[in-house]
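Asks: 3D, please:
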Amino acid sequence: MKMKILVPIIFLVVLVNTVKAQSIKNLKDINNDVYNRFYQSHDSLDYGLMESMHSKKLMRIPAGRNTILNYMEYMEENKRFFEHVKKNNGTLNISLRFSERLNNDSIASERGIYKFTINKNREDEKVYYGKFHVILVKEDNTWKILIDYDSNENNTIGEADFKKAYEMNDFEKF
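Replies: Presented below is the predicted three-dimensional model:
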């Protein structure tokens, strides 16, 4: 009788640990394929990197602007913005923190808070916060952003919200 109970329990423990390990591997791959490059694209003002981490089927939803952008529209917008910042000797910095990270081997849903800084540590520094929700898909064995939604919730998101969320490499929280 004890063996009938023990075998399913052992099976569940092994299954849960295997799923958790796979999820952490996916999170590390997502960080490398998407977020590290996302940070780098802003730091270096390289809109080509922005292009490479997004699916060509992208749907970009910047809440508050009453619009939905496709891949070409969003990339053209990024190109113009990055060129404008370069022309004016500006800088961009973006940081992400997470409240939810769900994934399997082909799709992921990630939500959190972003902190977007223009001209960090300068007299004309501007800092913006908002919530984001991205859906990522694996294309040719690489994670890509398929849906990108963000909102500043009528400017109600701030540093306190940002600090409450978890850092990108804090895998155990997810």
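Asks: which residues make contact with the longest strand belonging to the chain from outside it?
Replies: For the chain, the longest strand by residue count, based on DSSP state E, is strand 126-139. Outside strand 126-139, the residues within contact range by Cβ atoms under 8 Å, 6 or more residues apart in numbering are 30, 34, 55, 96, 103, 105-119, 143-153, 157-159, 161-162. C-beta coordinates here come from the backbone N, C-alpha and C atoms, glycine included.
Asks: quick one: average pLDDT of the helix or strand immediately after it in the chain?
Replies: Using DSSP states H and E, the helix or strand that follows strand 126-139 towards the C-terminus is strand 142-151. Taken as a whole, strand 142-151 carries a mean pLDDT of 98.
Asks: Helices along the chain, start to end?
Replies: For the chain, the helices defined by DSSP state H occupy 2-30, 36-44, 47-52, 71-87, 159-164.
Asks: Confirm for me that residue 108 is in contact with residue 102.
Replies: Yes - using Cβ atoms under 8 Å, residue 108 is in contact with residue 102, at 6.5 Å.
Asks: Which one's more surrounded, the two?
Replies: Neighbours were counted for residue 108 and for residue 102 using other Cβ atoms under 10 Å; residue 108 has more, 23 against 12.
Asks: Nearest spatial neighbour of the more buried one, chain-adjacent residues omitted?
Replies: The spatial neighbour of residue 108 that comes closest, neighbours along the chain excluded (Cβ to Cβ, 6 or more residues apart in numbering), is residue 136 at 4.3 Å.
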